[in-house]
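Visitor: Predicted coordinates and the sequence they were generated for:
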Amino acid sequence: MQAKPLNFLPFKPWWPSFKVPSVRALSFRDRVPQNISTTIQSQQVSISSQDEKTSAYWDYQFLFMSQRSETDNLINLRVVEGSIPSDFPQGTYYLTGPGIFKDDHGSSVHPFDGHGYLRAFTFDGAKGEVTFMAKYVKTTAQVKEHDPDSGKWEFTHRGTFSTLKNRRKFGDTTVMKNVANTNVLKWNDRLFCLWEGGPPHEIQSVSLDTIGEFDLVNDSERSPLPSTTVREAVDGGDIILDFATSLLKPILYGVFKMPAKRLLAHYKIDTARNRLLMLACNAEDLLLPRSTFTFYEFDSNFKIKQKQEFRIPDHLMVHDWAFTDSYYVLFGNRLKLDIFGAMSAIGGYTPMVSALLVNHSKSTSPIYLLPRFHEHDRERDWKVPIEAPLQMWMLHIGNAFEERDLKGNKRIQIQASGCSYKWFNFQKMFGYDWQSGEVDPWGMNENKGENKLSPRLIKVSIELDATGNCENCFVNNLNDQWQQATDFPVINQEFGGKNNTYMYAAATSGVRQDLPYFPFDTVAKFNIMNNSMQTWYVGARRFIGEPMFVSKGSDEDDGYLLVVEYAVSQQKSYLVILDAKRIGERDAMVARLEVPKYLNFPLGFHGVWASNNSKT
């Protein structure tokens with residue numbers, strides 16, 4: 001049965017499986033006046049405070065509706081506005097994200113534990129056509145939890161961020177649930193879906209059928225690995241930590257089936273050297289005050305050209321990272337172990353993430369410049385981090401590059417998104433409540449009194465002298481006038497590692513007073529050189545995800561932006577094509593294409609544009 005459209009306020013929910021929460025049950029805030037008025041593209045809408053909160057609650061719920069349909073054949077998308085440009089490059093936009101949140105046995109999972117649902121939009125600008133495919137990644141856990149004959153789901157793996165109802169608690173070791181839902185890689189004509197805690201899954205690029213796991217790190221079919229360069233920040237290591245590691249490894253690797261190397265979902269492409277760069281962390285380091293980072297550089301045939309391992313005496317978490325010609329750049333997020341949370345999590349009573357807490361002990365953020373090649377070993381002491389003068393949890397990095405003057409001094413710039421440690425909370429990501437299995441929009445939109453705590457784009461400038469000593473480290477907003485929550489920074493990848501002018505990101509407009517920080521409804525274009533910006537607003541009760549830049553010319557901003565739009569009031573998904581040069585103008589949108597309603601996919605994480613004319 002197809003979902004019926006959600007009528008505009010006021011409304012009575014049609015769905016039988018939900019119960020409209022009371023004001024108290026929703027934790028409604030008293031800070032909003034009894035009547036509010038918002039202006040949306042010259043349209044005046046006045047609603048009561050309680051109706052606005054109810055609307056915000058249900059609109060947020062529809063971001064996490066499970067998708068149980070897949071495609072068997074290519075579907076031609078209908079153009080509902082504008083037209084597909086004839087000069088749009090031929091290629092495919094691949095996007096992954098969680099597709100299933102609730103099973104048929106009363107259990108729900110955190111979005112990070114939702115099985116990967118891969119979507120593919122293939123463009124033929126000459127014909128003015130876009131075709132669509134969507135399938136689940138058939139991981140081991142997905143095959144076990146889904147019955148293709150009946151279409152029923154039963155979650156058996158709790159994952160990292162969830163617990164399951166109607167399952168035994170004590171001793172539940174079904175944690176490692178590789179859901180392949182975080183990012184997509186296209187390299188040497190091969191397609192992969194990546195997750196933050198296990199091997200990538202290779203996908204057939206046209207049919208989207210799952211080929212299987214591809215262990216980039218330990219695949220025995222490749223030639224032997226090059227010798228590993230291991231560097232320790234403390235000579236001789238730490239005896240106590242080494243002993244703790246020896247105790248943890250059999251538990252994590254043997255009992256909980258965690259891979260020794262946790263391959264991160266964010267990768268980098270060094271176009272000048274035609275190399276794929278990837279980063280892995282040791283599984284046991286999540287529970288220890290020590291971090292081990294292993295960097296791999298692959299050639300176009302997936303042969304490892306070099307491998308370096310760095311051991312740092314600090315409890316850090318890294319989701320995204322950067323590289324320059326000289327360094328691997330790590331912006332460290334400081335953690336600490338919650339012993340009681342860890343015991344409860346290992347026992348199966350709370351999610352595994354309960355073992356971790358954000359470490360507020362220092363007011364600075366460490367940036368490690370790790371030597372990429374041996375000729376850079378003597379340039380600076382990599383063991384000493386550069387302490388950026390702010391406490392910020394780094395979310396995503398858009399670009400990083402270095403410049404050298406005639407005297408040998410270096411200037412390194414990092415453009416990224418981050419939020420305050422006060423805003424970031426492992427227990428409230430997406431507002432998911434593991435005890436009730438529901439999502440609370442105010443978990444991501446809680447008013448802490450300072451708007452600058454929410455995600456925003458920053459520019460970090462590091463000045464090094466010829467010997468590698470840090471002379472200055474500055475942190476500034478990418479744009480001082482823009483105060484709204486912003487994340488998912490992207491650039492024209494042809495300018496990756498270079499001094500770029502433009503950056504694009506997803507942001508909030510601030511129109512929804514009860515959803516001020518998330519979800520996003522605006523595409524922002526930043527001109528870093530002249531400190532200006534323009535925006536494109538998707539419309540009332542419509543949300544967007546990460547934008548994707550598609551280059552079509554020599555100018556940096558000569559191209560198109562692809563963004564997925566979810567119209568809550570219609571319960572429909574659209575693919576929107578924007579002219580990157582015209583962001584901020586009335587004709588920025590050049591086309592909007594409708595995805596069939598039965599194939600809605602409200603939430604997506606990361607994706608990749610794969611041109612027919614390139615291997616990546």
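Guide: Yep, it's here.
Visitor: Contacts for the helix or strand containing residue 79, please.
Guide: Per DSSP states H and E: residue 79 is located in strand 78-82. For strand 78-82, the surrounding residues in contact (CB atoms under 8 Å, 6 or more residues apart in numbering) are 128, 574, 577, 589, 590, 591, 592, 593, 594. For the C-beta atoms, the positions are set from N, CA and C on the backbone; glycine is no exception.
Visitor: how about the strands in the stretch 301-450 of the chain?
Guide: 304-312, 316-317, 322-323, 327-331, 333-337, 356-358, 365-371, 386-388, 392-404, 410-420, 432-433, 438-439 (DSSP state E, counting those that start in this stretch).
Visitor: tell me the mean pLDDT over the fourth one?
Guide: When pLDDT is averaged over strand 327-331, the result is 96.
Visitor: how much distance is there from that strand to the middle of the chain?
Guide: Here the centre of strand 327-331 is set off from its chain's centre by 18 Å, with CA atoms, centre = their mean, to the nearest Å.
Visitor: From residue 258, how far out is the closest residue to residue 388 other than its chain neighbours?
Guide: Excluding the flanking residues, the one nearest residue 388 by CB to CB, 6 or more residues apart in numbering is residue 365, at 4.5 Å. Going from residue 365 to residue 258 by CB to CB, to the nearest Å gives 27 Å.
Visitor: buried residues in stretch 552-561?
Guide: 556, 557, 559, 560, 561 (16 or more other CB atoms under 10 Å).
Visitor: Could you dump those into TSV with distance to residue 262, pLDDT and secondary structure added?
Guide: Putting these into TSV (distance: CB to CB, whole Å; pLDDT from 0 to 100; DSSP: H, G, I helix; E, B strand; the rest coil) gives the following:
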residue	distance to residue 262	pLDDT	secondary structure
556	35	96	coil
557	36	96	coil
559	34	97	strand
560	35	98	strand
561	32	98	strand
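Visitor: Serialize these to TSV and add fields for distance to residue 326.
Guide: Below are those laid out as TSV (distance: CB to CB, whole Å):
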residue	distance to residue 326
556	23
557	28
559	29
560	33
561	31
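Visitor: can you confirm residue 245 is in a strand?
Guide: No. Using DSSP: H, G, I helix; E, B strand; the rest coil, the secondary structure at residue 245 is helix, not a strand.
Visitor: so it touches residue 289, yeah?
Guide: No. Judged on CB atoms under 8 Å, residue 245 makes no contact with residue 289 at a distance of 11.4 Å.
Visitor: How far does stretch 538-545 sit from its chain's centre?
Guide: Offset of stretch 538-545 from its chain centre (CA atoms, centre = their mean): 19 Å.
Visitor: Strands of the stretch 501-616 of the chain, residue ranges please.
Guide: Using DSSP E, counting those that start in this stretch, strands in the stretch 501-616 of the chain cover 502-507, 522-527, 532-537, 542-544, 548-551, 559-567, 572-579, 589-594, 607-611.
Visitor: Comparing those strands, which stretch has the densest surroundings?
Guide: Burial of the strands of the stretch 501-616 of the chain is given as mean neighbour count (mean count of other CB atoms under 10 Å); strand 502-507 ranks first at a mean of 25.
Visitor: tell me what that strand is packed against?
Guide: Contacting strand 502-507 under the criterion 3 or more CB pairs under 8 Å, 6 or more residues apart in numbering; DSSP states H and E are the following elements: strand 392-404, strand 486-490, strand 522-527.
Visitor: Residues in contact with it: which ones?
Guide: 398-399, 415, 417, 457, 478, 482, 484-492, 520, 522-528, 535, 544-547, 549, 556-557, 561, 563, 580, 583.
Visitor: who's in contact with residue 581?
Guide: Applying CB under 8 Å, 6+ apart to residue 581 gives the contacts 555, 557, 558.
Visitor: Can you read off the backbone torsions of the last one?
Guide: Comment: the main-chain dihedrals of residue 558 come out as phi -90, psi 90, following degrees, to the nearest 10.
Visitor: quick one: average confidence on the helix ranked longest in the chain?
Guide: When the chain is parsed with DSSP state H, its longest helix is helix 49-61. Helix 49-61 carries an average pLDDT of 89.
Visitor: Low-confidence ranges, this protein, go.
Guide: Within the chain, the stretches with pLDDT under 70 are 1-48, 168-171, 218-227, 234-237, 448-451, 614-616.
Visitor: just the helices in it please.
Guide: Under the criterion DSSP H, the chain contains helices at 49-61, 140-145, 239-249, 339-346.
Visitor: my guess is residue 130 contacts residue 575, does it?
Guide: Yes. The criterion here is CB under 8 Å, and residue 130 meets it with residue 575 at 7.0 Å.
Visitor: what touches both of the two?
Guide: Common contacts of residue 130 and residue 575 (CB under 8 Å, 6+ apart): 77, 121, 593.
Visitor: quick one: contacts for the closest residue to residue 495 other than its chain neighbours?
Guide: Take residue 495 and drop its neighbours on the chain: the residue closest to it by CB to CB, 6+ apart is residue 556, 5.7 Å away. Counting by CB under 8 Å, 6+ apart, residue 556 touches 492, 494, 495, 500, 501, 502.
Visitor: ok, now residue 435?
Guide: The neighbours of residue 435, taking CB under 8 Å, 6+ apart as the test, are residue 163.
Visitor: Grab the nearest non-local neighbour of the residue of the chain most remote from its centre.
Guide: Distance from the centre of the chain peaks at residue 407, with 39.0 Å (CA atoms, centre = their mean). Once flanking residues are discounted, residue 407 sits nearest to residue 466: 6.1 Å by CB to CB, 6+ apart.
Visitor: For the one you found, give its distance to residue 445.
Guide: Counting by CB to CB - residue 466 and residue 445 are separated by 48 Å.
Visitor: try residue 92
Guide: 34 Å.
Visitor: cool, residue 266 as well?
Guide: Going from residue 266 to residue 445 by CB to CB gives 26 Å.
Visitor: do residue 608 as well
Guide: Residue 608 is 29 Å from residue 445, by CB to CB.
Visitor: contacting residues for residue 386?
Guide: Neighbours of residue 386 in contact, by CB under 8 Å, 6+ apart: 366, 367, 368, 369, 462, 470, 473.
Visitor: Counting neighbours, which of these comes out on top?
Guide: residue 369 (26 neighbours; other CB atoms under 10 Å).
Visitor: can I assume that one is in contact with residue 402?
Guide: No. The pair residue 369 and residue 402 fails to qualify as a contact (CB under 8 Å) at a distance of 9.5 Å.
Visitor: Report the set of residues contacting both of the two.
Guide: By CB under 8 Å, 6+ apart, residue 369 and residue 402 have these common neighbours: 326, 327, 412.
Visitor: Pairing partners for the second one in the sheet, please.
Guide: On the basis of DSSP bridges, residue 327 is bridged to residue 371.
Visitor: residues contacting it?
Guide: The contact partners of residue 327, by CB under 8 Å, 6+ apart, come to 369, 370, 371, 372, 376, 402, 412.
Visitor: now the first one
Guide: Counting by CB under 8 Å, 6+ apart, residue 326 makes contact with 369, 371, 372, 373, 376, 379, 402, 410.
Visitor: Out of those residues, which end up buried?
Guide: 369, 371, 372, 376, 379, 402, 410.
Visitor: could you list every residue that touches the second one?
Guide: Read that as residue 371. Listed by CB under 8 Å, 6+ apart, the contact partners of residue 371 are 326, 327, 377, 379, 382.
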